[in-house]
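Novice: Next input, structure requested:
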Amino acid sequence: MSAETERPAKRRRIRLWHIPVATIVVLVVAIPVMRWHWRRGYRQRVAAVAAAGYPVKVEELAAWYPAPMSGENGAQAVLDAAGGYVDRLTSAESRCVRELFAVTRRDAIKEEDKAALRRLVADNQEVLASLHAAARFEHHHYEIDWANVSGWRIEPVERIGEAASLLAYAVLLASEEGRVDDAVDAIVTLSVIGRSLAEIPTLGTHVSGMYWRDISIGYLERGMDRRALTDDQLQRLQVALETEVRPPMLERALAGHMCMLLPYFMEPASRAPDGPLLPAPVLKAYGTLGLAARETRVVVEAMASYIEVTRQPLCEWQNGATAADAAFEEKFFGCLVVNSEGGFKLSHILLRHLRRMARLRAARGAMAVERYRLARGALPSSLDDLVPAQLDIVPEDPFTGQPLRYEKLGKGFVVYSVGPDGRDDGGWEEPPYDLRRGGQTYDLTFTVGR
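Specialist: As a prediction, the model looks like this:
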């Protein structure tokens, strides 16, 4: 054997420059593969949403909010009336008046705040008259340019907020001054406008519509606690509140919100409603690498989970929404846009809807009790006594699926839901925020103390 054949072969040594080159080669191959995978996953998820009948393009929202086939449309009359709203209060007066939205049946209102309310309502008498007239139309369908809708803002519907606040002020002032018919008129009109907003398939308008109806119920409770209403007045209010915002409306609102989120998450640098919270180059690179598609797929999956919860019985919403929050908390780890905006949990939206439904149903029950008392001269022993003369059926507690509770309180009474904790506290009212104690529980109540 020769010396040459006995000499061992030379080992190839890994040089320092091999490492970055190998890394670059891996990245050049891996990034397109991962980007293709994430975008494919996004397309598949969106296709599944479309197959389920939900809109995936903003233009498709128009089909979810069709114009009425017949009957008069009062939407433009509402917008025209809202356009005439004037506010001549000082900034300090306006701030104090806005704080009255949180007033409860037990709170006293300062005389200076009442004086500011009187001036505001007096300055807008023509607006109020126009709103009352508009509420009498059969339909209220707003013309919306869906292609230019951005985030939570929808023009021209945003203008209605001032008109709704004016109606709420009118309810409160009329109730304080003993003008019960005027208060009832304003509650009926505010209920109609609130429902018209809740029917628009976007989350912002739905929440706004529910909010204004809830405000009117709070003021109604305050008024009924102080003064007796006639049977005719109670009947008008019952009819107005019978048309409660049904669960499918929230399903549609969530679907519309999901549809409007798609372009924002896919191109966050260009579609952020209030400007990007992160530098535009970072967001641009995020989209180019396919990470935006990955995040959007997770957002769509989460939205689909919340939508599915709204298809269940109301009493299952709380647990379902909480489970959806927990299921997607880990999946949103590393999602740049979601985390830069404080996370993505919608259980509070569903819980707020349940709370407002509970208040609405308790109000309907309380009005039926009042009508019974007017007819019989005494309070009923239970809500079952109201069927069928004052109620077709006893309203369900949306938190339990069981009938609402009822208790006599001396001369008065309370109709209530046990609320999100599921505990029956005997109709104990929710205390003001600054007086709540840790561990204290309460019910969602409509109380008439007189």
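Novice: Now tell me which helix or strand of the chain has the poorest mean pLDDT.
Specialist: Every helix and strand of the chain was ranked by mean pLDDT, DSSP states H and E. The lowest is helix 3-6, at a mean of 52.
Novice: can you list the domain ranges for this structure.
Specialist: 60-245, 376-448 (automatic domain parsing).
Novice: okay, and for the chain, where does confidence drop off?
Specialist: 1-19, 21-31, 150-153, 155-156, 243-247, 269-278, 433-438 (pLDDT under 70).
Novice: Report the spatially closest residue to the most centrally placed residue in it, excluding sequence-adjacent ones.
Specialist: By CA atoms, centre = their mean, the chain has its centre lying nearest to residue 207, at 2.6 Å. Excluding its sequence neighbours, the residue lying closest to residue 207 (CB to CB, 6 or more residues apart in numbering) is residue 349, at 6.9 Å. Using the backbone N, CA and C atoms, a C-beta is placed for each residue, glycine as well.
Novice: That neighbour in helix, strand or coil?
Specialist: State at residue 349, reduced to three classes by DSSP: H, G, I helix; E, B strand; the rest coil: helix.
Novice: That one: neighbour count?
Specialist: Close neighbours of residue 349, defined as other CB atoms under 10 Å, add up to 20.
Novice: One more: residue 385?
Specialist: 17.
Novice: so what's residue 238 up against?
Specialist: Going by CB atoms under 8 Å, 6 or more residues apart in numbering, residue 238 touches 364, 367-368, 371.
Novice: mind listing the helices for the stretch 1-150 of the chain?
Specialist: Taking DSSP state H, counting those that start in this stretch, the helices of the stretch 1-150 of the chain run over residues 3-6, 18-51, 61-64, 75-83, 91-98, 111-123, 125-135.
Novice: possible to save these as TSV with mean neighbour count and distance to residue 163?
Specialist: Converted to TSV, these look like this (neighbours: other CB atoms under 10 Å; distance: least, CB to CB, whole Å):
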stretch	mean neighbour count	distance to residue 163
helix 3-6	6	99
helix 18-51	13	35
helix 61-64	16	24
helix 75-83	20	4
helix 91-98	14	15
helix 111-123	15	13
helix 125-135	19	6
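Novice: Go through those and name the closest to residue 160.
Specialist: Among the helices of the stretch 1-150 of the chain, helix 75-83 comes nearest to residue 160, with 5.4 Å by CB to CB.
Novice: If you count contacts, what does the closest one end up packed against?
Specialist: helix 125-135, helix 160-176, helix 180-198 (3 or more CB pairs under 8 Å, 6 or more residues apart in numbering; DSSP states H and E).
Novice: Distance to residue 143 added to those, as a markdown table?
Specialist: Shown next, in a markdown table, are the helices and strands packed on helix 75-83 (distance: least, CB to CB, whole Å):
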| stretch | distance to residue 143 |
| --- | --- |
| helix 125-135 | 15 |
| helix 160-176 | 13 |
| helix 180-198 | 13 |
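Novice: For residue 106, which of the ones you listed is the nearest?
Specialist: helix 160-176 (14.0 Å).
Novice: Distance from the closest one to the middle of the chain?
Specialist: 20 Å (CA atoms, centre = their mean, to the nearest Å).
Novice: and that helix, what does it pack onto?
Specialist: The contact analysis (3+ CB pairs under 8 Å, 6+ apart) places helix 160-176 against helix 75-83, helix 111-123, helix 125-135, helix 180-198, helix 203-226.
Novice: Contact partners for residue 176?
Specialist: Counting by CB under 8 Å, 6+ apart, residue 176 has contacts 109, 114.
Novice: Spatially, which pair of the contacts of residue 238 is furthest apart? Let me know, please.
Specialist: 364 and 371 (10.9 Å).
Novice: returning to that earlier point: mind giving me TSV with the helices of the stretch 1-150 of the chain and columns for distance to residue 229?
Specialist: Listed next are the helices of the stretch 1-150 of the chain as TSV, based on distance: least, CB to CB, whole Å:
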stretch	distance to residue 229
helix 3-6	113
helix 18-51	47
helix 61-64	38
helix 75-83	26
helix 91-98	25
helix 111-123	21
helix 125-135	19
